[in-house]
Structures are given as C-alpha cells and as structure tokens.
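A.B. asks: Here is my input; please provide its structure:
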Amino acid sequence: MTTTKVTIHTLRKMKERGDKITMLTAYDATLGMVIQGHDTTLPVTLEDVIYHTRAVARGASRAHIVGDMPFMSYQPSVENALINAGRLIKEGGAHAVKLEGGAQHAELISKLVQAGIPVMGHIGLTPQSFHQMGGFKVQGRDTKAAKKLIEDAVSLEAAGAYSIVLEGIPTEVATTITEALSIPTIGIGAGPNCDGQVLVIYDLLGMNPSFKPKFVRTYENLATRIRTAVDNYVGDVRDGTFPNESESFFVEKRKPVRKRASVAAIAHVGGCAPEPMNTDESDDGLYSNVKKP
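C.D. replies: Residues are numbered from 1 along each chain as shown. Here you go, the predicted model:
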C-alpha cells in the first residue's frame, strides 16, 4: 500500500477543511534539552541538528520533516541563514526549516522562501530567547504583548511562512491569530483552537518524569517501565538466571568416526583359493615377510 507524503500544501488544505494537524518533535527543537542533557537549546549546533534530522528522515515514509534552525545559525545575516538552511535541506533531508522570532525576521523568511526553502515560523515562548525572556514564561498575557504577537504572526504569513508554531501563549490570543491567518497554526501550550498541536515525543511518552509543564499530556509512563526493565535485567545477571542455556552458545558436538575394516589388496576370482599368507602385522608391505611353504 502506498502512502501520500504530507507537504506544505497538505497542511494548508487541512486548515481549510478544519482537519486538526498532529505534529511531534523528534530530535529537533528540543534536541539539546532532551538528548544532550542541556538546560536550554542554546548549545545545540547546526551539525547536531543536521545529524539528527538525517536520522529522522531515514525512518520517515510519510511525515513532513521540519529541521529546526539552532541559535545563531540564522541571526547573524541573511547570507548566513541561506547557507545554513540550505544545508538542513540538502544534508539533513528536511522538507522545511523552522526558525524562531517575529516580524524582525520577515525579510529573512522572504529570502529563504524565494530560494525555494519552505519556512515554518515560531512565536510566543521561543526557547532560543530564554535569557531575554527571563526564563520559560508564558508570553502575550497583557494587551500590548498580545497585539505584538498578532502583528508578528501576520508579518510572518506575509513574508511567506507556510505555518507558524504558537508556543506558550494565552488561548484567546492563539485563537485570534489562528482565525486571522490563512496558513496553519500549530499550538504547544496555546490552547485547543489552533489548527494543530505539537508535543515532544519524549514528553508524550513520559520519558522524563521530572519535566511536567502544564501544557504536556503524557500518554505513557516509559520512564518507570524502562527503569523496571533495567532493574530486572540487573537482578537476573546478578542471580545467574541471565543468560540461561537457551540464550547461550556451545561447542558443536561431533559424532565419533568409526575406523574402517582393512580391505584386501587383491581379489581372487575363480579357481582355487591362493595359499594363505603369514604377514607381519607391523609391516605396511602387502607381500612383506611372506613365508613360503
């Protein structure tokens, strides 16, 4: 059975039909905090993201793959951003790139789109602005901040972004933005009225029980199950029940080779039998030491 790949046009049609979009983060935006153990995403390099995006791309048959542009891979200049975004597409196998920021990046997004690189925007709580925001805090709570987010969203769509992630903003603001745009919005901590939702796969699976922000819903408790499995393994090794005989290999047992009986060197056919020969069994000669009568 063939499957139809999800493209930027698929997402646009889903918004038009009112179909909810589902998105999972796998080795991209939260790579540094999930895989590498950092406190923020800031230390993640472009090489890191290219490597993990390539790994995701190898295993994807239908999903639309978005490579997240890490901190300082696009902020210095438009030229720098074009090169790095191009690498994510060419080397990483991404179908599109995602970058954080509002209207200040409208020109950059326009240039990327003109170069043939689809761009997903990201506004609200933007992890790469962690220090500027004073931590991971909900954005757009007051009227002025909410108005700025709406203006940013409109600017990104006008610049050519095909979708926008809305993270950590009030439901009312996310609803207003979603209704104002013709492109899909993907929410994370932005209420139920966005065109789609995104969760980090490790959060969804409950891999880190110490990380449980309000907007995350866990659908499995793999942290406990994995810990239990590891404990069981350690116990089996220590009490000698792993590996057992069926999980081990042994030297191949060979059947003993039987010695063949001596075969007469000369067969006498017809007539009288030849005179018996008395041979010395220690001699290898066929006619050695034959005693004549």
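A.B. asks: Now name the helix or strand holding E100.
C.D. replies: In this structure, E100 is located in strand 96-100 according to DSSP states H and E.
A.B. asks: Give me the neighbour count for M69.
C.D. replies: 26 (other CB atoms under 10 Å). The C-beta positions use only the backbone N, C-alpha and C, and glycine is treated the same way.
A.B. asks: packing partners for the strand holding E100?
C.D. replies: Judged by 3 or more CB pairs under 8 Å, 6 or more residues apart in numbering; DSSP states H and E, strand 96-100 is in contact with strand 66-68, helix 78-90, helix 106-114, strand 119-124.
A.B. asks: Just put these in CSV and tack on distance to T224.
C.D. replies: Putting the helices and strands packed on strand 96-100 into CSV (distance: least, CB to CB, whole Å) gives the following:
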stretch, distance to T224
strand 66-68, 29
helix 78-90, 35
helix 106-114, 42
strand 119-124, 32
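A.B. asks: As a markdown table, these with distance to R17, mean pLDDT and mean neighbour count would be great.
C.D. replies: Listed next are the helices and strands packed on strand 96-100 as a markdown table, based on distance: least, CB to CB, whole Å; pLDDT from 0 to 100; neighbours: other CB atoms under 10 Å:
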| stretch | distance to R17 | mean pLDDT | mean neighbour count |
| --- | --- | --- | --- |
| strand 66-68 | 21 | 94 | 28 |
| helix 78-90 | 28 | 97 | 18 |
| helix 106-114 | 24 | 98 | 18 |
| strand 119-124 | 20 | 97 | 27 |
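A.B. asks: So which of the ones you listed is nearest M23?
C.D. replies: strand 66-68 (8.2 Å; CB to CB).
A.B. asks: For the closest one, give me every contacting residue.
C.D. replies: 28-29, 31, 49-50, 53, 88-89, 92, 94-99, 120 (CB atoms under 8 Å, 6 or more residues apart in numbering).
A.B. asks: which SS class is L149?
C.D. replies: Under the three-state scheme (DSSP: H, G, I helix; E, B strand; the rest coil), L149 adopts helix.
A.B. asks: That one is in contact with Q139, isn't it?
C.D. replies: Yes. Here L149 reaches Q139: they are 6.7 Å apart, a contact under CB atoms under 8 Å.
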